[in-house]
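K.L.:
Below is the structure, and that's it, no one-letter string:
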């Protein structure tokens with residue numbers, strides 16, 4: 001099976017405010033950079049979710065994926081909390097609606113064809129791929145609001 005390494009990041013300035021997301025995909029000798037954003041009010045958590053969604057949706061075949069995120073919200077959500085949320089009809093332990101349900105459901109759909117190992121990486125700590133994902137997220141934000 002194809003092995004893909006993905007680094008993702010999201011940005012929102014201010015939070016909430018306009019946002020951007022970025023992803024770096026490595027497959028063998030190939031590298032692909034993705035970015036995008038929203039000019040309307042969004043949140044950092046939504047942009048952190050959009051990055052892996054967009055990266056996974058860009059893949060054309062089922063793969064084994066090592067996905068790196070500096071968001072504990074994304075990693076814990078997909079690896080720990082999501083099963084309980086689904087069992088509780090998308091309610092938290094406090095019985096309140098899960099935030100960003102639309103993106104969590106989209107992430108599940110995007111992840112389903114793949115075998116994914118979710119990794120947390122410390123942000124802004126010198127990891128070249130995480131730093132690149134951060135720059136792509138900021139570029140996506142700037143493009144969304146019309147700044148170059």
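P.N.:
Received, thanks. Every value quoted in this text rests on a predicted model; they were computed, and no experiment measured them. Residues are numbered from 1 along each chain as shown.
K.L.:
how about the helices of the protein, start to end?
P.N.:
Read by DSSP state H, the chain holds these helices, from start to end of the chain: 44-57, 72-76, 82-87, 101-111, 128-144.
K.L.:
for residue 110, what are its contacts?
P.N.:
Neighbouring residues of residue 110 by C-beta atoms under 8 Å, 6 or more residues apart in numbering: 52-53, 56-57. Backbone N, C-alpha and C define where each C-beta goes, glycine included.
K.L.:
cool, and residue 23?
P.N.:
By C-beta under 8 Å, 6+ apart, the neighbours of residue 23 are 6-9, 33-35, 51-52, 54-55, 58, 133, 136.
K.L.:
again, only this time at 7 Å
P.N.:
Counting by C-beta atoms under 7 Å, 6 or more residues apart in numbering, residue 23 touches 6-8, 34, 51, 54-55, 133, 136.
K.L.:
Give me the nearest residue to it, chain neighbours excluded.
P.N.:
Spatial nearest neighbour of residue 23, excluding adjacent residues (C-beta to C-beta, 6 or more residues apart in numbering): residue 55 at 3.9 Å.
K.L.:
The one you found is in contact with residue 6, isn't it?
P.N.:
Yes - contact between residue 55 and residue 6 holds when scored by C-beta atoms under 7 Å: they sit 4.8 Å apart.
K.L.:
picking that back up, so which of the contacts of residue 110 is the closest to residue 69?
P.N.:
The shortest distance between residue 69 and any of the contacts of residue 110, using C-beta to C-beta, involves residue 52 and amounts to 6.6 Å.
K.L.:
per-residue pLDDT, the closest one?
P.N.:
Among the per-residue scores, residue 52 shows a pLDDT of 98.
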